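Participant: the amino acid sequence is not available; the structure is as follows:
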């Protein structure tokens, strides 16, 4: 697999993962009916990517909102990225948030505190 992509809806985020470039983008809302089922294919793609990652992996999260069950799946994604990082691919996470959204900034800081990955907090105008 070279690409994994899902077009976002009001409840599900847009996901674009280019395995050939080592670039993953997740954006929008994440309030799927079943977060385990929704994120399972992305975690499988990350598992495949982990077998032969690029020297640099760039991950961009630009979330407007995510629910509690999605937060656990996002942590699962970061845990998989952490193992990819330990395997030799330099993983950088760009956590994009609206500059007036303190909750989303805090969520990014919380993830940063529990995984061993390089995070860049990226404020954008609301």
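Facilitator: The structure has been received and is ready for your questions. These numbers were taken from a predicted model, which means no experiment stands behind them. Residues are numbered from 1 along each chain as shown.
Participant: what ranges does this protein have for its helices?
Facilitator: With DSSP state H as the criterion, the chain has helices at 35-50, 68-86, 102-114.
Participant: in CSV, list the ones you listed along with distance to residue 121, mean neighbour count and mean pLDDT.
Facilitator: The way it works is simple: take the backbone N, C-alpha and C, and place the C-beta from them, glycine included. Shown next, in CSV, are these (distance: least, CB to CB, whole Å; neighbours: other CB atoms under 10 Å; pLDDT from 0 to 100):
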stretch, distance to residue 121, mean neighbour count, mean pLDDT
helix 35-50, 22, 17, 97
helix 68-86, 15, 17, 98
helix 102-114, 6, 14, 98
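Participant: looking at those, spot the one closest to residue 1.
Facilitator: For residue 1, the closest of those is helix 35-50, at 6.0 Å, according to CB to CB.
Participant: how about residue 60, what does it touch?
Facilitator: 23, 24, 25, 26, 27, 93, 94, 96 (CB atoms under 8 Å, 6 or more residues apart in numbering).
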